[in-house]
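Participant: dropping the sequence and predicted coords here.
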Amino acid sequence: MKRQILLFMITCFSISSISSIDVLAAEGDIYKVGINDVLEIRVLEHDELGTIATVTADGSITFPYLGSVYVKDKGLSEIEKEITKRLGEEYVKYPVVSVSLRTSISEKIYVYGEASRIGEVIFGEGMTVLNALSMAGGIPENGLYGGKVKVRRRQDGELGFKDIEIDLKGIVDGSATADILLQPDDILIVERDKFFIYGEVGRPGEYGLEDDMTVARALSVSGGIREDGLYGKVKVRRRQDGESGYKDIEIDFKGIIEGSATADMLLEPDDILIVERNKTFFIHGELGKPGQYALEDGMTVVRALSVAGGIREDGLYGKVKVRRKQEGEPGYKDIEIDLKGNVEGSATADMFLQSDDILIVERNKTFFIYGEVNKPGQYVLEKDMTVFKALSLTGGFTKWGSSSRVKVLRQKKNNTGFATIKIKINDIIDGDAGADIDLQPGDIVVVSTGMF
């Protein structure tokens, strides 16, 4: 409502200011007439003496009966007295003379900042701050609130200027003392308090700091948070009073959404509101949808595997691990995940992911069975896979297979050939648990015939 009132008042003053110089009489001798100024002179009950006169290069005007009247550098009241005196001496009995400034070419004020038209404005006697703002096209909407209006005035007999702050809100509210008279060469400055929004919002940039501008309201004004920033940090970067540099204040955006009265905060002039891009993690390997994902709040390994489409068949028995960058150290560390423990409901088997983690689901490890078995070939190395369990997967021995001629060929370190491990199947059948062995990736189980 106040914004509408201010716009209305400035519009009205824009219209009235066209004729304000015509009707406002001089108040004192603040204004000194200069060359090319236009004066309007009236004599009560003598309309024929009414004159509009331009101050010539020699500093004078021409007035009926009197001829040349020197007016340069005189105040309007001085000119009134001189014309009154000279008319009364010969031509008019008890003359009542009024002199007003119709147009001032020689005297100006200057408007800078957030006005619609900055630059020179011709000064007129009785001109106020609101008059001048109207003649400068008013204040754009983005400068109406949260800004300052001040008059910078040269000090008589002193070096430099003095700033006079104007209560623009008081003017809007109708305060008789809020507006002030301007003087020639005054500099009228319309400042705008502003803040900045950067990052993952619809319309990043510079904004006017309106009254009661909070973080939530600012995010709304800037078009809201984009999808790439929904899980990123929201923070306010604020300059420190009396100190160099800035301080970052982290905002509990989730708290704002949930209605927390303390999570939101008021912005201050020159604050920088930053919405960071979502932190991400990566999923590689045997999954339905490997790739890069936003690190949402509470993202765990199990949840991430679900988001990525689950583990494919070729990874059901592969290792699941998190590759994490080490703080303050080069390289990464692999953290193996007990996926079976997760499935069985272990509270400690799952873990939270961190920014830039790489979640890896390895392809199933395999082993091979050749020789006198019913279904030789390559098999998935499931957890706790032993030779005896592997032989059962193949459907057992053929009629030529010998239980006493079973061996495992295992690759030596550094790929220098294979080591041969003999397996005593009959001892395993007889209950010797130590006779069986766990298979390793790439092992080859060979079942020979009984003839050899």
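Facilitator: Everything's here; your move.

Participant: list the contacts for the residue most central in space within the chain?
Facilitator: In the chain, the residue lying closest to the centroid (C-alpha atoms, centre = their mean) is residue 197, at 2.2 Å. By C-beta atoms under 8 Å, 6 or more residues apart in numbering, residue 197 lies in contact with 203, 204, 205, 207, 218, 219, 222, 272, 273, 274, 275. Where C-beta positions appear, they are placed from N, C-alpha and C, glycine not excepted.

Participant: just the buried residues out of those residues, in ChimeraX syntax.
Facilitator: Entered in ChimeraX, the line below selects the buried ones among the contacts of residue 197, by 16 or more other C-beta atoms under 10 Å:
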select :204,207,218,219,222,272,273,274,275
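
Participant: looking at the contacts of residue 197, which are in helices?
Facilitator: 218, 219 (DSSP state H).

Participant: can you put the contacts of residue 197 in TSV and add distance to residue 328?
Facilitator: Output for the contacts of residue 197, formatted as TSV (distance: C-beta to C-beta, whole Å):
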residue	distance to residue 328
203	39
204	33
205	37
207	39
218	36
219	34
222	36
272	29
273	31
274	25
275	28
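
Participant: so which of the contacts of residue 197 is the closest to residue 154?
Facilitator: Nearest to residue 154, judged by C-beta to C-beta, of these is residue 207 at 34.1 Å.

Participant: dump the contacts of residue 197 into CSV; add pLDDT and distance to residue 232 as well.
Facilitator: Output for the contacts of residue 197, formatted as CSV (pLDDT from 0 to 100; distance: C-beta to C-beta, whole Å):
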residue, pLDDT, distance to residue 232
203, 95, 17
204, 94, 13
205, 93, 18
207, 88, 20
218, 93, 16
219, 93, 12
222, 93, 15
272, 95, 15
273, 96, 13
274, 95, 9
275, 94, 6
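
Participant: the contacts of residue 197 in strands, which ones?
Facilitator: Of those, the ones assigned to strands by DSSP state E are 205, 207, 272, 273, 274, 275.

Participant: okay, and the beta partners of the fifth one?
Facilitator: So the one you mean is residue 274. Beta-bridge pairing of residue 274 under DSSP bridges involves residue 198, residue 235.

Participant: still on that earlier bit, out of the ones in strands among the contacts of residue 197, flag the one nearest to residue 116.
Facilitator: So of the ones in strands among the contacts of residue 197, ranked by how close each gets to residue 116 (C-beta to C-beta), first place is residue 207, at 18.4 Å.

Participant: bridged to that closest one, which residues?
Facilitator: residue 195.

Participant: separation between it and residue 221?
Facilitator: As judged by C-beta to C-beta, to the nearest Å, residue 207 and residue 221 stand 6 Å apart.

Participant: got it, and residue 269?
Facilitator: 16 Å.

Participant: can you pull the buried residues of stretch 152-168?
Facilitator: In stretch 152-168, counting by 16+ other C-beta under 10 Å, buried: 152, 153, 166, 167, 168.

Participant: now, among those, which is nearest to residue 430?
Facilitator: residue 168 (101.1 Å).

Participant: quick one: the closest residue in space to that closest one that isn't next to it in sequence from residue 126, how far?
Facilitator: Of all residues not flanking residue 168 in the chain, residue 149 sits nearest, at 4.7 Å (C-beta to C-beta, 6 or more residues apart in numbering). Applying C-beta to C-beta, the value for residue 149 to residue 126 is 19 Å.

Participant: what does residue 442 give?
Facilitator: With C-beta to C-beta as the criterion, residue 442 and residue 126 are 100 Å apart.

Participant: now residue 299
Facilitator: On the measure of C-beta to C-beta, residue 299 and residue 126 end up 69 Å apart.

Participant: could I get the CA-only coordinates of the top strand by length along the chain as PDB?
Facilitator: If you go by DSSP E, the chain has its longest strand at strand 401-411. Extracted C-alpha coordinates of strand 401-411, given in PDB (Å, rounded to 0.1, in the frame of the first residue of the first chain):
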ATOM      1  CA  GLY A 401      34.900 -89.400 -13.100                       C
ATOM      2  CA  SER A 402      37.100 -90.400 -10.200                       C
ATOM      3  CA  SER A 403      36.600 -89.000  -6.700                       C
ATOM      4  CA  SER A 404      40.200 -89.600  -6.000                       C
ATOM      5  CA  ARG A 405      41.400 -87.600  -8.900                       C
ATOM      6  CA  VAL A 406      40.100 -84.100  -8.200                       C
ATOM      7  CA  LYS A 407      42.400 -81.100  -8.100                       C
ATOM      8  CA  VAL A 408      42.300 -77.300  -8.100                       C
ATOM      9  CA  LEU A 409      44.600 -75.400 -10.400                       C
ATOM     10  CA  ARG A 410      45.300 -72.000  -8.700                       C
ATOM     11  CA  GLN A 411      47.200 -69.200 -10.400                       C
END
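
Participant: other SSEs contacting that strand?
Facilitator: helix 387-393, strand 418-423, helix 425-429, strand 444-449 (3 or more C-beta pairs under 8 Å, 6 or more residues apart in numbering; DSSP states H and E).

Participant: give me the mean pLDDT for the longest one.
Facilitator: Read that as helix 387-393. Mean pLDDT, helix 387-393: 93.

Participant: and it, what's buried?
Facilitator: Of all the residues in helix 387-393, those buried under the rule 16+ other C-beta under 10 Å are 387, 388, 390, 391.
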